[in-house]
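Student: can't give you the sequence, but here's the structure:
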Ligand code: PGA
């Protein structure tokens, strides 16, 4: 893979891209990375995504926790993104989704979950405080992210800068439609969200991007083999060089060598 950085700058090393045969294998490999980081840093801070892609990873992590093979009691979870104005315990929030899919069944202590400040009186100030919280926790040991159909990473939509920080953003119609599909019964998706910034994510000591399915094949090609550009926020993660591992199933990887 070519190793080209932002603005034509060379980055030191290329990401590690692994293509696996199936979604199940992808989920197990992703769980391996999370478990490895937790084993090395049992009190470390990690951020993990919502959406359909990570569900298998969460199920696998829950299996390991239930079997006593993984201890998550010391880790700190920082949420990646959520809708502005929607409380974390609202089922129609992303954090509500994450609580149900993983945080609650995993028994992550409530005091170790760092919520996106979606209901703060001054969200801009609260977003800066969220960055402070990440620093106070020692920085992110691991950032697990997905890749949106429009190339977004967390809610860093096309046009986001590689040095962006946690902030209020306006969602694209495409992302709002994508997210509406996560909930039954026609939930309204707010126009704004708060997202961890690309700069924040890029500072994690290890990054894992997981992408599954044929519908993502074209955006995977643009993110991994096209120019490194804010137009495809996923491409900016390549600035992390070999700190970034990308796990793809065969369908998501299918346009890479066309
Ligand atoms: P998905 O979302 O896992 O539901 O495809 C990925 C994303 O938008 O980051």
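Tutor: Done, it's in. Bear in mind the structure is a predicted one, so any value in this text is a computation, not a measurement.
Student: sec struct for residue 69, please.
Tutor: coil (DSSP: H, G, I helix; E, B strand; the rest coil).
Student: excluding residues flanking it in the chain, which one is nearest it?
Tutor: Nearest residue to residue 69, sequence neighbours excluded (Cβ to Cβ, 6 or more residues apart in numbering): residue 35, at 7.9 Å. Yep, even glycine has a C-beta here, placed from its N, CA and C like the rest.
Student: SS state for that neighbour?
Tutor: helix.
Student: list the contacts for it?
Tutor: 61, 64, 69, 70 (Cβ atoms under 8 Å, 6 or more residues apart in numbering).
Student: what residues of the one helix or strand residue 179 maps to count as buried?
Tutor: For residue 179, the host element (DSSP states H and E) is helix 173-180. Neighbour counts over helix 173-180 (16 or more other Cβ atoms under 10 Å) mark 175, 178, 179 as buried.
Student: other residues contacting it?
Tutor: 94, 148-150, 152, 155, 157, 171, 186-189, 191.
Student: ends of stretch 151-158, what's the gap?
Tutor: 7 Å (Cα to Cα, to the nearest Å).
Student: my bad, stretch 227-244
Tutor: 17 Å.
Student: I'd like the distance from it to the chain centre, please.
Tutor: Centroid separation for stretch 227-244 versus its chain: 14 Å, with Cα atoms, centre = their mean, to the nearest Å.
Student: so what touches that stretch?
Tutor: By Cβ under 8 Å, 6+ apart, stretch 227-244 touches 3-6, 11-16, 145, 147-148, 151-153, 156-162, 198, 201-202, 204-209, 219, 222-224, 226.
Student: and if we set it to 7 Å?
Tutor: 4-6, 11-16, 147, 151-153, 156, 158-162, 198, 202, 205-207, 209, 219, 222-223, 226 (Cβ atoms under 7 Å, 6 or more residues apart in numbering).
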